[in-house]
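Novice: What would the 3D arrangement of this be:
(one chain, ligands or ions: 3)
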Amino acid sequence: MKLRGLYAITDSELLAGKFLAYVEAALDGGLALLQYRDKSGDDARRLREAEKLRELCSRYKTQLIINDDAELAARLGVGVHLGQTDGPLTPARALLGSKAIIGATCHSQIELAEQAAKEGASYVAFGRFFNSNTKPGAPAATVEMLAQARARLHLPICVIGGITLENAEPLVAHGADLLAVVHGLFGADSTQEVTRRARAFNDLLKI
Ligand SMILES: Cc1ncc(COP(=O)(O)OP(=O)(O)O)c(N)n1
Ligand SMILES: Cc1nc(C(=O)O)sc1CCOP(=O)(O)O
Ligand SMILES: [Mg+2]
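Specialist: Residues are numbered from 1 along each chain as shown. Ligands and ions are numbered 1, 2, ... in the order given. Coordinates of the predicted model:
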């Protein structure tokens, strides 16, 4: 199955008090992937929340990805997203098995993506493309680099960083398969608006 579509990423602060309601609203609008991203360092909370998300995702037939933590992903039998300092891909692939989805952060460097492909990544992520509320300090990437990556890489390409319904179209036009979004989706002021935005992102991707 080709990985293509909206990739929602949770944010524990943004979603405080409405976590499951907003995630379910996004799933209702249609997600290719959901990433559980939690930087609290509270292992018990992370396990509890990730288990709830796994149950929700299974109801909506959506794949769950755990950020940063291949051990937690293995415990739950789901995928993982690893940044450049989150541990190597090859052992993560060995741990999770050949069918698991493993994503790799490549910033704006095509060479990192080629290396990730060799090490067994399922998709590569480039960003940030726009100003990001969630991660303002992330290194910047450009649509020119995205077009070059599209010409060179045969893996699904994920884009991230400040993506909204208003600015996403050029990224799709330059070859993005997965639109990874936090604020542009979950920054909405109602569950209905989260679902509307998810559907509109899917329309942009012609899904
Ligand atoms: C889909 C996706 N792309 C990039 C990232 C960023 O990963 P990383 O560089 O490890 O930074 P943190 O998210 O861990 O702060 C991501 N999480 N997801
Ligand atoms: C987690 C993350 N990683 C990025 C990168 O460029 O690697 S940008 C980012 C934050 C994405 O959130 P928002 O959609 O709110 O900008
Ligand atoms: Mg990380």
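
Novice: For the lengthiest helix in the chain, which outside residues touch it?
Specialist: Using DSSP state H to define each element, the chain has its longest helix at helix 43-59. By CB atoms under 8 Å, 6 or more residues apart in numbering, the surrounding residues in contact with helix 43-59 are 10, 19-20, 23-24, 27, 34, 36, 38, 40, 63-64, 66, 69, 72, 75-76, 78. C-beta coordinates here come from the backbone N, C-alpha and C atoms, glycine included.

Novice: quick one: buried residues of that helix?
Specialist: 46, 49-50, 53-54, 56-57 (16 or more other CB atoms under 10 Å).

Novice: Also near ligand 1: which of these, exactly?
Specialist: The subset of the buried residues of helix 43-59 within reach of ligand 1, counting by CB under 6 Å from any ligand atom, is empty.

Novice: re the thing from before, tell me which of the contacts of helix 43-59 fall in helices.
Specialist: Reading helices off the contacts of helix 43-59 with DSSP H, I get 19-20, 23-24, 27, 72, 75-76.

Novice: Pull the contacting residues for Arg152.
Specialist: With CB under 8 Å, 6+ apart, Arg152 has these contacts: 110, 114.

Novice: just Val181 next, same as before
Specialist: 6-9, 160, 163-164, 201.

Novice: what's the spacing between the residue in the chain positioned nearest to ligand 1 and Ala16?
Specialist: Distances between the chain and ligand 1 by CB to the nearest ligand atom are smallest at Gly83, namely 1.9 Å. Here the criterion is CB to CB, to the nearest Å. By it, Gly83 lies 24 Å from Ala16.

Novice: ok, those two, which is more surrounded?
Specialist: For Gly83 versus Ala16, neighbours defined as other CB atoms under 10 Å are more numerous around Gly83 (15 against 8).

Novice: Which residue is the nearest non-sequential neighbour of that one?
Specialist: Once flanking residues are discounted, Gly83 sits nearest to Thr105: 4.1 Å by CB to CB, 6 or more residues apart in numbering.
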